[in-house]
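> Just the structure for this:
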Amino acid sequence: MVHFHSMNIEDALKTLQSSVKGLDDSEARARLERYGPNELRREKRASPFRIFAEQFKEILIIILLAATLLSFLVGETVDALVILAIVFACAILGFTQEYRTEKSLEALKQMTAPTATVIRNGREVRIDSRDIVPGDVILIKTGDKISADARIREEFNLKIDEAPLTGESTPVKKHVKLVAEDASVMDRANIAWSGTTVTYGHGKAAVFSTGMETEFGKIARIIQATTEEETPLENRLEHVGKWLGISCIAVCAIVAGLSILRGHPILEMVIWGVSLAVAAVPEALPAVVTGALTIGVQRMSKRNAIVRRLPAVETLGCTTAICADKTGTLTKGEMTVRTIYLNDMFIDVTGTGYMPKGEFLHDGETAKDERIVVLAQIGLLCNDAQLKPQSNAWTLIGDPTEGALVALASKAGLDQDRLRDEHHRVGEVPFSSKRKRMTTIHST
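As a prediction, the model looks like this:
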């Protein structure tokens, strides 16, 4: 096994049969054929027919179908059609909701399909992340989602959020120095891991693992090996349906048997027993359960939560306690400028999160000091973060602290894109713990 974290970058590129100029197009195509696309193996998506057929596997539905068949056999056509209509109404309702959810999940995958910038033939090109192969040299910058495991070749104050992989609550400072061969994943600070996000700085890295061979791919392989368990509601309905069926058959058999012993005609008692069985089955129960779960799914969707299977809503409702570690993973991860100290004045800033709405107040009145705008402009230009509108919220690309400064500039009436275009960055001295500041130089 090759340990790229304990290997200098020149040896790593040599092992990968690549160079600082990256791969040429023909070699990249050959490696794509050899290693396959850079994506996690997807579970086989259920067909519409399978989704519809699975609506009939519930024990109560099976009992109702049996009751329908018996009703037809004894001539109770109206009862049979009513029961059948209820069964199909439940099946269509469940199928519609789960099929729409499958479509929504597929749409989300398409929306989140990432791209990456790589060096091919010595030139920077933008490609789909699935086309990245081992040996590619990728360019990474603030806001990028790393598409493959890569050995960092150069970095400029590069920090990466590795919480999805390691659970580390704060961004990890990356470097190009060698790391001990037996170092854990968390300690390999010269590696950019697939699935993590760049929060600060920029750099270049040489890809050595893609797809299912990445650390995320190994986790995905373990998850795909687990079996799907039934929800508490499914277990209870199965239990109710089983005992209901057994009890119904037993009672009907006893009643019919006793009646036959008392001299009633056998055929009449069989018909009477079947009628009793049909009457004992709660035809409305599956419809009520499906309807209630559908309402729950729709309410969850209004809160931007997609539930794949109807019974999963009830599982969430059974939750009595949520355990979280001390890293504060339940927080929103947003920062907001609340107060500015400027020229011996404390200026309050209203508004929350990254919404560009707020006022500047001094002693309860609107502050009209033009130096606030100058301060906000400095905070915006000496900044690598971006705020992008998405639905009814704003999405941050970059560091939360810098995002708060971008939001502050918006509240001061500054347009981030226009201002950065007008004052193009021509130089940069990255933040360091020694200087305790970041410096940028801009054209006027």
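
> ok, which stretches of the stretch 251-400 of the chain are helices?
Per DSSP state H, counting those that start in this stretch, the stretch 251-400 of the chain carries helices over the ranges 266-280, 284-302, 311-317, 371-381, 400-411.

> mind saving the C-alpha coords of the shortest one as PDB?
What follows is the C-alpha trace of helix 311-317 in PDB, where atoms were taken according to Å, rounded to 0.1, in the frame of the first residue of the first chain:
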ATOM      1  CA  PRO A 311     -43.200   4.900   7.800                       C
ATOM      2  CA  ALA A 312     -40.000   6.700   8.400                       C
ATOM      3  CA  VAL A 313     -42.000   9.700   9.500                       C
ATOM      4  CA  GLU A 314     -43.300   7.800  12.500                       C
ATOM      5  CA  THR A 315     -39.800   6.700  13.400                       C
ATOM      6  CA  LEU A 316     -38.800  10.400  13.700                       C
ATOM      7  CA  GLY A 317     -41.900  10.900  15.800                       C
END
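
> Could I get the contacting residues of the closest residue to residue 350 other than its chain neighbours?
Counting by C-beta to C-beta, 6 or more residues apart in numbering, residue 350 lies nearest to residue 358, which is 4.4 Å off, once chain neighbours are set aside. C-beta coordinates here come from the backbone N, C-alpha and C atoms, glycine included. Residues in contact with residue 358 (C-beta atoms under 8 Å, 6 or more residues apart in numbering) are 349, 350, 351, 411.

> Over to residue 40. Which of the three states is it?
State at residue 40, reduced to three classes by DSSP: H, G, I helix; E, B strand; the rest coil: coil.

> Now do it against residue 217, distance only.
Here residue 40 is placed at a distance of 6 Å from residue 217 (C-beta to C-beta, to the nearest Å).

> So which of those two has more stuff around it?
The residue with more neighbours, out of residue 40 and residue 217, is residue 217; 21 against 18, by other C-beta atoms under 10 Å.

> Identify all contacting residues around stretch 14-27.
Taking C-beta under 8 Å, 6+ apart as the rule, stretch 14-27 contacts 2, 4, 7, 13, 31, 118-122, 133-137, 153, 206-208.

> mind redoing it with 6 Å?
13, 119, 120, 121, 122, 134, 135, 137 (C-beta atoms under 6 Å, 6 or more residues apart in numbering).

> what about the closest residue to residue 289 other than its chain neighbours, which helix or strand?
Distances taken as C-beta to C-beta, 6+ apart put residue 237 closest to residue 289, at 7.0 Å, once the chain neighbours are dropped. Using DSSP states H and E, residue 237 falls within helix 232-261.

> Only the buried residues of that helix, if you could.
The neighbour-count check on helix 232-261 (16 or more other C-beta atoms under 10 Å) flags 233, 234, 237, 241, 244, 245, 248, 252, 256, 259 as buried.

> Over to stretch 355-372?
355, 356, 358, 360, 362, 367, 372.

> could you dump these to TSV with pLDDT and distance to residue 72?
Shown next, in TSV, are those (pLDDT from 0 to 100; distance: C-beta to C-beta, whole Å):
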residue	pLDDT	distance to residue 72
355	87	62
356	86	66
358	91	69
360	94	77
362	90	82
367	88	81
372	93	80
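
> ok so, going back, highest mean neighbour count out of the helices of the stretch 251-400 of the chain?
Ranked by mean neighbour count, the helices of the stretch 251-400 of the chain are led by helix 400-411 with a mean of 22 (mean count of other C-beta atoms under 10 Å).

> name the helices or strands packed onto it?
Helix 400-411 sits against helix 371-381, with contacts defined as 3 or more C-beta pairs under 6 Å, 6 or more residues apart in numbering; DSSP states H and E.

> helices or strands next to the helix it packs on in the packing?
Short answer (3+ C-beta pairs under 6 Å, 6+ apart): helix 371-381 packs on helix 400-411.

> how about a cut-off of 8 Å?
strand 339-342, helix 400-411, helix 416-422 (3 or more C-beta pairs under 8 Å, 6 or more residues apart in numbering; DSSP states H and E).

> Could you dump the ones you listed into TSV with mean pLDDT added?
As requested, these are exported to TSV (pLDDT from 0 to 100):
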stretch	mean pLDDT
strand 339-342	92
helix 400-411	91
helix 416-422	90
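
> out of those, nearest to residue 142?
With C-beta to C-beta as the measure, helix 400-411 is the member of the helices and strands packed on helix 371-381 nearest residue 142 (8.5 Å).

> Would you mind pulling the contact partners of the closest one?
200, 333-337, 349, 351, 353-360, 376-377, 379-380, 383-387, 394, 396, 416, 419.

> show me where pLDDT drops low in the stretch 251-400 of the chain?
Within the stretch 251-400 of the chain, the ranges that satisfy pLDDT under 70 run 267, 270-271, 273-288, 290-291, 304, 306-311, 324-333, 391.

> Output the helices of the stretch 251-400 of the chain as CSV; include the columns distance to residue 49.
Listed next are the helices of the stretch 251-400 of the chain as CSV, based on distance: least, C-beta to C-beta, whole Å:
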stretch, distance to residue 49
helix 266-280, 29
helix 284-302, 19
helix 311-317, 20
helix 371-381, 55
helix 400-411, 47
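
> Out of those, flag the one nearest residue 67.
Closest among the helices of the stretch 251-400 of the chain, using C-beta to C-beta: helix 266-280, at 4.6 Å.

> chain center to stretch 115-135, what's the gap?
24 Å (C-alpha atoms, centre = their mean, to the nearest Å).

> Between the two ends of that stretch, how far is it?
Distance across stretch 115-135, first residue to last, is 17 Å (C-alpha to C-alpha, to the nearest Å).

> which outside residues touch it?
By C-beta under 8 Å, 6+ apart, stretch 115-135 touches 16-18, 20-25, 27-28, 31-32, 35, 37-39, 113-114, 136-139, 144, 147-148, 204, 206-210.
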